[in-house]
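Novice: here's a sequence, model it:
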Amino acid sequence: MEDKINIESVEYNGIRYAEVIWADSRVSATTFFSPAKSSFQFGLLAHAKGFEEPPHYHKSMGRLIEDLQQMFVVQRGIVDVELYSDDKKLLRTIRLNPGDAIVLIHGIHAIKVIEDMQCLSIKQGPFLGDENDKVFVNMNA
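Specialist: Numbering: from 1, shown residues only. Model prediction:
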């Protein structure tokens, strides 16, 4: 299999706002796309038939996380993700279909459901409640 890395970075003024992992991405070996120092690690796991990873666990270690990143993996339906700069400028609307994924790294974002959808959502915890997690932004102010 030939690798086809179809990852798109959305940046503005030197700040990375999102990474889009398109469904047609293919890798022959496990490949991570997030910077090693990022508080949120993402990549594609890939192994040949017959691969076995020995039983293991991940070390418990204190980590200081000051940002909250979120990843959506579209399982069914269609969703538009709008990305805005810190000064409320619409940077991009990204249409995601089944199998596509996006990591929301920085900035204001909104979603619009185009077709009934289901997404797997992943973000750092612990969950502290919507009142501590979300800040709704008046885009007209």
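
Novice: how near is the most centrally placed residue in the chain to F51?
Specialist: Centroid-nearest residue in the chain, with CA atoms, centre = their mean: V103, separated by 1.4 Å. In this view, V103 and F51 are 26 Å apart by CB to CB, to the nearest Å. All C-beta spots, glycine's among them, are computed from the backbone N, C-alpha and C.

Novice: shaky segments in this protein?
Specialist: Residues of the chain that meet the criterion pLDDT under 70 lie in 1.

Novice: how about the helices in it?
Specialist: Here the chain has its helices, by DSSP state H, at 130-133.

Novice: circling back: surely the residue nearest to the centre of the chain is in contact with Y17?
Specialist: No: here V103 lies out of contact with Y17, judged by CB atoms under 8 Å, at a distance of 9.8 Å.

Novice: now S9: how far from Y17?
Specialist: For S9, the distance to Y17 - CB to CB - is 9 Å.

Novice: of the two, which one has the most company?
Specialist: The neighbour comparison of S9 against Y17 (other CB atoms under 10 Å) goes to Y17, with 22 against 12.

Novice: show me the contacts for the more buried one.
Specialist: 10-11, 83, 85, 91, 104-107 (CB atoms under 8 Å, 6 or more residues apart in numbering).

Novice: among those residues, the buried ones, what's the ChimeraX command?
Specialist: Only the buried entries of the contacts of Y17 go into this ChimeraX selection, using 16 or more other CB atoms under 10 Å:
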select :10,83,91,104,105,106,107
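
Novice: can you list the residue ranges for strands in the chain?
Specialist: 7-12, 15-21, 31-32, 43-44, 70-84, 90-96, 101-104, 108-123 (DSSP state E).

Novice: could you identify which of those is most buried?
Specialist: Per residue and on average, the most neighbours among the strands of the chain fall to strand 101-104, with a mean of 23 (mean count of other CB atoms under 10 Å).

Novice: tell me the strands beside it, with direction?
Specialist: strand 15-21 (antiparallel), strand 70-84 (antiparallel) (DSSP bridges).

Novice: closest to F136 out of the ones you listed?
Specialist: Among these, strand 70-84 comes nearest to F136, with 12.7 Å by CB to CB.

Novice: run the chain-centre distance for the closest one.
Specialist: Taking CA atoms, centre = their mean, to the nearest Å, one finds strand 70-84 lying 9 Å from the centre of the chain it belongs to.

Novice: nothing else from me, thank you.
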